[in-house]
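*Asks:* With the input below, show me the fold.
(chains A, B and C)
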Amino acid sequence: MRPFEYVSPNSRTQAISLLGATWGNTEVLAGGTDLLALMKDDVVAPKRLINIKEIADLRGVSSNAQGLRIGALTTLGELAHDENVKKSYPALSEALFEAASPQIRNMATVGGNLCQRPRCWYFRNGLGLLPKDEAGKELVSGGENRYHAILGNQGAAKFVSPSTVAPILIAYGAKVRLEGPKGKRELPLEKFFVIPKTDSEREHDLRPNEIVTEIVIPPASDVKAAHYEIRQKEAFDWPLAVTAVALKMQGSNVQSARIVLGYVAPVPWPSPEAEQALVGKPVDKDTAQKAADAALSKASPLSHNAYKVKLAKVAVTRALLKAASGGAA
Amino acid sequence: MHDDTDDPLENQKGSSDSSAVSRRDFLKISSISVAVPLVAGPKMITVAGQEVPVHGPGKVPMEFSINGKSYKAELEPRVTLLDALRDQFELTGAKRVCDRAECGACTVLIDNKPVYACSVLAIEAQRKPIATVESLMQEGKLHPVQQAFVENDASQCGFCTPGFIVSCKAFLDTHPHPTAEDIRRGLSGNLCRCGTYDGIRKAIAQVAQKGA
Amino acid sequence: MPDYAWPDAEHRSLIGKRTTRVDSPVKVSGQAKYTYDVHRPGLLYGKVLRSPYAHAKVVSIDTSAAEKIPGVKAVHIVQGPGANIHWAGDEIVAVAAVDEPTAEDAIRAIKIKFQPLPHLVSDAEPPKGSAQEQGPLSMDAIGDMLDNQVPARQMVSDIQKYGITEKPSEDMLKEIKEDGAPDEVLEALRTATVHPEAGNKPPSNYQKAAAQTVGDPDKAFSEAEVVSEGLYGIPVITHCCLESHGSISEWTDQDHLFTHLSTQNVSGIPGQMAEPLKIPATNIRVHQDHIGGGFGSKFSPDRWGIFTAEISKKANGKPVRYMLERDAELKVAGARPSAYARVKLAAKKDGTVTAWQSESWGTGGPGGGGMPPIPYVFSIPNQRQQHTAIRNNIGPARAWRAPNHPQAAVLTMCALDDLAAKLNMDPVEFFGKNLNLTKARENNYREELGIAAELMGWKERWHPRPQTVNGVVRGAGLSFHTWGGRGHASDCDLTIHPDGSVELKMGTQDLGTGTRTCILVVAADTLGIPIDAIQLLIGDTTYPPSGGSGGSTTIGGVSSSTRRAAVDARDALFAKVAPSLNAQPDQLECKNGQVSVKGDSSKSLSWKDACSKLGAMPLTVRGKNPDRTKPPDLTNSGVGGVQMAEVEVDTETGIVKVKKMVAVQDCGLVVDLKTAESQCYGALIMGISYSLFEEKVMDPTTGRMLNADMQFYRLAGLSDIPELVVHMMTGKGYDERGVIGLGEPPVISPGAAISNAVANAIGVRVPFLPLTPDRVLSAMEKKGGA
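*Replies:* I've put the predicted structure just below:
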């Protein structure tokens, strides 16, 4: 790691004032599980690190009639074990328990999970978020892209969004609250993720001097939800495809659906095509597969990742069937 | 190049008797002159109307509570807890393997929860209760988890073992009678290369049956 | 002549029983000190600047800014301007500083210019017509071989076989010597045939070896009743030792080096460091208590072991620690060569295999590499093999547990399994029918095959390959393997003190295989005292030399020298004790710490009292292996094993899970059953890991390894491991063969057994390991199923 200044503010206002107005000079330290690795690999090199873990009101989980409020510093483990989450948002709890490892779940925060940087091995090797060689040649298309995007990859960004929790949060209709020098703002979580077009952009709609303060989820008592991920290892592994679904039923038919794919695109990928394919129909193997086909109808695999189209379809199908049969165990 | 004056080779060069400065003398000299780093107090800056201390980038005096004992060191903010444990306090049970929160060899307990010490900055771990594998043996007696590892031959080269021991201990504390699914989720954060998982699983089963 | 032979089963107190690993307590408690854990007063920290290019020439290096950084104690150019770099991650400059962050700052302050050169990092099938017959070697090629640490023996044989393109002048020879060429290579260059005309041909990355033929393969194929053809392969994987390579080195005076080194070869290190450091080997002390994995990658001090000593010298002898960072460990510190082949097999309808033909290729990095021993285990009567070595820029290869055998097993056993499928034969029946081709080991294999089938429940788990599949399916597969063994050279000193304490010193090392435990089992069993009555000291060059731990030769070596020392020490003690028991020395025995007259327990002395008869001086004896003056040979060579795997494949996702594995293994006389079984369990787990997950992924454009970490270089985790059954062949027919090594054999078969099980489950061969979803789905798609 390069040398840096370390500050540990105890209020949001302080934290925001300490952050720089442009990317590069300052970084926010929360769980540290991703940031420190990036700093060790010299992928990011802040001159000042702002540890926000001493800011008490960024912690905690609470619920009321409007739904669930999750402080950004809540660890994945705390949230997974939260009784209210287990009861009212079981698919979220399951996604959290499947994430990474117990040690990571004890360290990593929900805010950090949403803000973590892509696992793209070109990015991690210091070749850029939109990887190029010294001659400016784009590296991913002609390179080792087996884990890269199959959707939303027409631009320079070919990585996949790394959060396994974001899809289910989006499916549940979560909103993210941000705070910066100009005050607070709230946006639907899917809008928080953006596909960068140039190297100076990041993959989040987060200004350099903003922090994620909380995530709010509406009540989900009438929702049948599920999280399904396909990964090679049983133990700690990054998935090959993820799907989260939240269904509102009218009798045995789907009234409305949220279907969000993960690990297929540079952002969590809500699929209106799949949602439309399901509305008004019961969920069975046939309709689920049709929805999956719809979700992947625009897939544009790279040279080595056509198999991910198949996996993503399986993830959509299985997530739907899991949700319809009662969701998370 | 910034050479210290405690230079054993330099000293020997000037002497016809090669034992004029012995190894022992060299160690004594160097241990005296070694630790006078420049340590500045924190710079205070005013932020949102309040004074906030800014530490580093140079060395910062730090204080830790490890295995119930107090430790002090002067470290740059960029030093991880793992490196502080190993290089400053010579608590080398936690190992540096991946150094990227991937393998679990550096697992220690903070606030009684297993974490990767490679991915915690020393400066942020100050004043929190830290427990390393070295704390588990009490009065020369192995912890039941350690004893079960011995009996079930759950270590080969042993480099992953301390991390696994800490993880298993924490896991069994919270899951005294684990199911296979508990084990899948609860022990996914440690890797072994020699292939000791069979012994580890038997050790866990043994402790779960006996009760830790 | 004393009887050194291993005792019969009824006379063994510890040998062959289950003894708990003696160094477990220090390992589980975190007290065991590995090289990485060694802390020396005034310790400096090393860091290394590595090449970002896979192939380049170093143009210039400016270290002036780094040298000015406070706390930087030494800057050392490892490969200076003009050097050719052949893989990304190769070492260019090393520094030492008062702490690690400062050393990192120094590395970042170094300015370096490279001239990038074209690279190849692929090991895909050589393009048609691209392969060159290996021709005479240029002096550049010799230089490359030295850079790439090609073993001297191989260099000499290549020079003798192919000749050279120009006669080297004495100046050139001097330069080559300085580059590290040993005398035998220089001698080979002096006497080599010179082919000046060959010097004009540009070297190819693809080197074709001469075809090898046995019998009459053409005739056999033309007469074949059934022919099966297939494509098989196993990629480059890394060792990924959890304790990375490296050392802590310090100079105790001008010309004495003390190094803590993570090594499989304690006694063999000084001889390798002496020449580059220009001091006698006697001036180099190596010490190691514990090692965090080696697997074949830690026999040499390595370039970094040498420059760590050199930067220590530059830093006035202060101790310098340099342990490889994880990415470097995966990039440069060891890889297993890949092997791929198009195999054609011929058989009679009754299943008798008649002919083998293979066109194989693979890479061991810049050195190219040789052909694995194919066909493996089964000596098929008619054979033709053609191998092309790919010389590329992925980094050097090293011995990886059972070098070349896992590759050979995959290429052979998968091809044979496909042939069995084509013959509609159960593999147990098919392989069983051809066991006569295993020659000397036929009966062992037959016995092992039967036991394995029983333990696996083969009949219930194997089925003919399905035509179509859907959902989650299961299948079973098997493989055979073999290994040599024998014992390496090993000396030890065993001392019995007059107070009864016993000390055994040996310059060996315990890789986690149980070496300490086994030495103590042999010594305690032979002396008749408990294990904890013996103090064992290993891991230091001040102890009698014992060979490197490679090729499964350690247990044979250390058990033999220990046995001989313990027999001699015991007999010498008996000679001193006999008068006080009114007996002849050969009438005495020692059991459970009591020295007594055989058959008369009333005439007895405690061990301590017996030892007091030694007088004032302790008794020290030297045990050796081999030692023809003290027969018999206590070791042997040649083991066999059979493994079976059951897998489950999700045909929609292509995800493979191993559900059960069985290993049946012989290794002669087992010294400690518990750690022997652990070797097999560990090998199965390592095998599952490389079968399903492991491969070194290289970027074609930048030439860098992309997964030099532990998230995308996947190792199996605890939950990826199923029920494992290990059965050691012991007793009559095995014990009397003597002690044979076990480290390598059980890791050979998992790749083939698991691949065969997947083929059995899904009805089609997945050609290449690891069996990842993309490969499994692609194989199923090609078949037109699912």
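
*Asks:* So the closest residue to chain A within the stretch 151-300 of chain C versus residue C:402, what's the distance?
*Replies:* Closest contact between the stretch 151-300 of chain C and chain A, by C-beta to the nearest C-beta, is at residue C:235 (12.7 Å). For every residue, glycine as well, the C-beta is placed using N, CA and C. Using C-beta to C-beta, to the nearest Å, we find residue C:235 at a distance of 16 Å from residue C:402.

*Asks:* who has more neighbours, these two?
*Replies:* residue C:402 (26 against 22; other C-beta atoms under 10 Å in any protein chain shown).

*Asks:* my guess is that one meets residue C:747, correct?
*Replies:* Yes - at 5.6 Å, residue C:402 and residue C:747 qualify as touching, with contact defined as C-beta atoms under 8 Å.

*Asks:* Could you grab the helix/strand/coil label for the most centrally placed residue in chain B?
*Replies:* Central residue of chain B (C-alpha atoms, centre = their mean): residue B:85, 3.8 Å from the mean position. Under DSSP: H, G, I helix; E, B strand; the rest coil, the three-state class of residue B:85 is helix.

*Asks:* is it true that it touches residue B:75?
*Replies:* No - checked against C-beta under 8 Å, the pair residue B:85 and residue B:75 is beyond contact range at 11.3 Å.

*Asks:* does residue C:493 sit in a helix, a strand or a coil?
*Replies:* Classified using three-state DSSP, residue C:493 is strand.

*Asks:* And for the residue of the stretch 51-200 of chain A found nearest chain B, nearest residue in space, chain neighbours not counted?
*Replies:* In the stretch 51-200 of chain A, the residue that lies nearest chain B is residue A:101 (2.8 Å; C-beta to the nearest C-beta). Once flanking residues are discounted, residue A:101 sits nearest to residue B:189: 2.8 Å by C-beta to C-beta, 6 or more residues apart in numbering or on different chains.

*Asks:* in terms of contact, does the one you found touch residue A:107 like I think?
*Replies:* No - contact between residue B:189 and residue A:107 fails when scored by C-beta under 8 Å: they sit 10.4 Å apart.

*Asks:* what touches both of these two?
*Replies:* residue B:116 (C-beta atoms under 8 Å, 6 or more residues apart in numbering or on different chains).

*Asks:* hey, where'd the helices end up in chain B?
*Replies:* Taking DSSP state H as the criterion, chain B contains helices spanning B:8-13, B:23-33, B:81-83, B:144-151, B:161-174, B:180-186, B:197-210.

*Asks:* closest one to residue A:161 among these?
*Replies:* Taking C-beta to C-beta, helix B:180-186 is the member of the helices of chain B nearest to residue A:161, at 23.0 Å.

*Asks:* I'd like the distance from the closest one to the chain centre, please.
*Replies:* 26 Å (C-alpha atoms, centre = their mean, to the nearest Å).

*Asks:* ditto for stretch C:419-431
*Replies:* 32 Å.

*Asks:* Mind telling me which residue of chain C is nearest chain A?
*Replies:* For chain C, C-beta to the nearest C-beta, closest residue to chain A: residue C:717, 2.3 Å.

*Asks:* How about that residue: what's its closest non-neighbour residue?
*Replies:* residue A:235 (2.3 Å).

*Asks:* Let me know the secondary structure of the one you found.
*Replies:* Under three-state DSSP, residue A:235 comes out as coil.

*Asks:* returning to what we had before: the residue of the stretch 151-300 of chain C closest to chain A: what's it in contact with?
*Replies:* C:123, C:338, C:694, C:695, C:696, C:768, C:769, C:770.

*Asks:* again, 6 Å this time
*Replies:* C:338, C:695 (C-beta atoms under 6 Å, 6 or more residues apart in numbering or on different chains).

*Asks:* what residue ranges in chain A are flagged as low confidence?
*Replies:* A:327-329 (pLDDT under 70).

*Asks:* what residue of the chain is the furthest out?
*Replies:* Because you didn't say which chain, this covers chain A. Furthest out from the centre of chain A (C-alpha atoms, centre = their mean) sits residue A:135, at 32.3 Å.

*Asks:* not quite, I wanted chain C
*Replies:* residue C:582 (52.4 Å).

*Asks:* Tell me the spacing between it and residue C:642.
*Replies:* 55 Å.

*Asks:* what do you get for residue A:42?
*Replies:* In terms of C-beta to C-beta, residue A:42 sits 49 Å off from residue C:642.

*Asks:* Neighbour count for these two, which is higher?
*Replies:* Neighbours were counted for residue A:42 and for residue C:642 using other C-beta under 10 Å; residue C:642 has more, 29 against 12.

*Asks:* quick check, that one in a helix?
*Replies:* No - going by three-state DSSP, the assignment for residue C:642 is strand, not a helix.

*Asks:* and residue 59, how many neighbours does it have?
*Replies:* Looking at chain A here, since you left the chain open. Neighbour tally, residue A:59, other C-beta under 10 Å: 16.

*Asks:* please go with chain B instead
*Replies:* Close neighbours of residue B:59, defined as other C-beta under 10 Å, add up to 19.

*Asks:* Need the per-residue pLDDT for it.
*Replies:* Looking at residue B:59, its pLDDT reads 96.

*Asks:* How about the one 10 residues further on?
*Replies:* What the model reports for residue B:69 is a pLDDT of 97.

*Asks:* and the closest residue to residue C:362 other than its chain neighbours, bridged to which residues?
*Replies:* Leaving aside its chain neighbours, residue C:362 sits nearest to residue C:339 (4.0 Å; criterion: C-beta to C-beta, 6+ apart). Using DSSP bridges, the bridge partners assigned to residue C:339 are residue C:234.

*Asks:* can you tell me which residues contact residue C:339?
*Replies:* C:234, C:362, C:372, C:407.

*Asks:* now swap in residue A:185 and tell me
*Replies:* Contacts of residue A:185 by C-beta under 6 Å, 6+ apart are residue A:178.

*Asks:* Quickly find the element holding it.
*Replies:* strand A:183-188 (DSSP states H and E).
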